[in-house]
Each structure stands twice: as C-alpha cells, then as structure tokens.
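**Student:** Just need the structure, nothing else, for what follows:
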Amino acid sequence: MGSLCAEERREAVIYRDKHGTMAQMSEPFTVLFVCIGNVCRSPLAERLLRARLDEQLEDLDGSVRVESAGVRAMAGHPMNEMAAAELERLGLSNDDFRARQLTGQIAGRADLILVATKDLRSRVLEDAPAALRRTFTITEFAALVEGAEADSPQALVAGAAQRRSSAKVEDYDVVDPIGKSAEVHRQAADTIDTSVTTIAEALASAVRASSGDVRTP
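**Tutor:** Sure thing, here's the model as predicted:
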C-alpha cells in the first residue's frame with residue numbers, strides 16, 4: 001500500500017483514537033476558529049477557548065491547541081479595537097495577536113473547525129472538503145456537545161457530526177460586528193463567550209476521559 005495522504009493519515013489517527021490510544025498521541029488536538037478578517041470574532045473565540053481550557057486542564061497543558069484564521073484575512077493586523085475591548089471586558093488580552101489567512105493546509109490539519117456563520121462553513125469546505133464532519137458553526141457545536149460525554153475529543157466531534165441534524169440552534173450565526181455599533185460588538189462577544197464556555201467544558205471532559213483522569217462533581 002502506498003503512503004497515506006494528509007487527510008487519510010488524519011482519519012487513521014482518529015480511528016485509532018476511538019479505540020483508546022488518544023493518550024499516546026504526541027500531537028495535540030487542534031481547534032481552529034474561522035471568520036472573515038480574523039480580527040474580530042475568531043481571535044476573540046480563540047483567546048476565550050484557550051483561557052477556559054487552561055483553567056480546566058492545568059495538569060494536561062498542551063493537550064489542546066487553539067488557533068484562528070480568516071477567509072479574507074487582514075493578514076498581519078492586530079485585533080479590531082472594539083473586539084479587543086470586548087476581550088478585555090471578559091478578562092483577557094489580545095497581546096501579540098496577528099491575523100492570518102486561512103489555507104487548505106491550515107484547515108486540513110485541524111481536528112475541529114468552528115466558523116462564525118453557515119456561509120463561512122461552506123467557504124471553508126470549498127478548500128477542505130474532507131473536513132465536512134469536523135466543521136461546525138460555533139453556536140451549532142455548542143448546542144450539539146452541551147451535556148455530551150465522550151472518551152476523547154475526536155469522539156466528541158464524531159458524535160456531534162452524527163447528531164448534527166437534530167441540533168436545536170436558535171441562530172447558527174454569530175453576527176459580524178465589524179463597522180457596527182458597540183452594542184453589536186457586545187452581542188457578538190457575549191454569544192461567543194456563552195458558546196465557548198460550553199465547548200470548553202465538553203472538550204476538557206473528553207480530554208480528561210482520554211487520559212484516564214475522570215473527575216466527578
């Protein structure tokens with residue numbers, strides 16, 4: 001048999017993970033947030049999820065990598081000032097952040113892709129069609145994993161994909177606040193914060209399960 005392509009290697013790793021070997025993997029589970037310019041919604045979500053996971057996985061540092069990118073990124077730019085202000089309101093900093101352009105390679109190596117809107121999901125899949133079952137909107141994935149149990153992050157994503165048609169989501173999209181009022185920026189930030197908090201809890205639980213560290217309330 002010839003060598004596996006990148007996507008086939010990913011699927012092979014996921015298959016082995018489902019049979020209990022995730023704890024032996026050297027590569028972290030990678031979450032990628034995507035919006036348009038990568039200066040507002042996706043970096044805010046990136047910083048929030050990273051902080052929430054750091055709080056819950058202190059002893060498993062490095063088990064999850066969180067990134068972001070934009071389909072029409074303002075590459076090299078810092079966060080939008082109003083988005084950065086919302087991030088600061090939520091207790092975090094945008095220090096050292098710089099926007100970057102989404103590529104098929106970046107999407108292809110992500111284990112979970114969370115986009116701001118359904119339209120963006122379609123655009124991501126144009127470049128990375130094999131990522132269909134691991135690409136969701138932020139609010140969609142939060143609804144699908146709330147209260148869910150899984151023995152690994154990969155299993156959590158696979159379960160969400162299986163339940164996708166049953167998702168009960170009031171709004172799949174996070175409003176694009178660029179060029180809009182402070183109130184719209186606050187709305188977008190609060191929507192992301194609520195969803196990311198749910199996602200962080202589900203991911204942290206799955207990571208602990210995969211490492212054998214199962215905690216009860």
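**Student:** Least confident secondary structure element in this protein?
**Tutor:** Least confident helix or strand, the chain: helix 6-16 with a mean of 37, by mean pLDDT, DSSP states H and E.
**Student:** for the longest helix belonging to the chain, packing partners?
**Tutor:** The longest helix of the chain (DSSP state H) is helix 182-211. Here helix 182-211 touches strand 29-35, helix 41-56, helix 81-89, helix 138-145, helix 153-162, going by 3 or more Cβ pairs under 8 Å, 6 or more residues apart in numbering; DSSP states H and E. To be clear about C-beta, it is placed using only N, CA and C from the backbone, and glycine gets the same treatment.
**Student:** how far off helix 41-56 does it point, in degrees?
**Tutor:** Using axes from the mean of the first three to the mean of the last three Cα atoms, to 10 degrees, the inter-axis angle of helix 182-211 relative to helix 41-56 is 40 degrees.
**Student:** nearest to residue 207, of the helices and strands packed on helix 182-211?
**Tutor:** helix 153-162 (6.0 Å; Cβ to Cβ).
**Student:** Give me the buried stretch members for that closest one, please.
**Tutor:** In terms of neighbour count (16 or more other Cβ atoms under 10 Å), helix 153-162 has its buried residues at 153-161.
**Student:** These: which two are farthest apart?
**Tutor:** Greatest spatial distance among the buried residues of helix 153-162 (Cβ to Cβ): 153 and 161, at 13.0 Å.
**Student:** these two touch, right, residue 167 and residue 140?
**Tutor:** Yes - if you go by Cβ atoms under 8 Å, residue 167 and residue 140 touch, sitting 5.6 Å apart.
**Student:** the more surrounded of the two?
**Tutor:** Neighbours per residue (other Cβ atoms under 10 Å) separate residue 167 from residue 140, with residue 140 holding more: 23 against 16.
**Student:** Identify the residues contacting that one.
**Tutor:** Listed by Cβ atoms under 8 Å, 6 or more residues apart in numbering, the contact set of residue 140 reads 164, 167, 169, 172.
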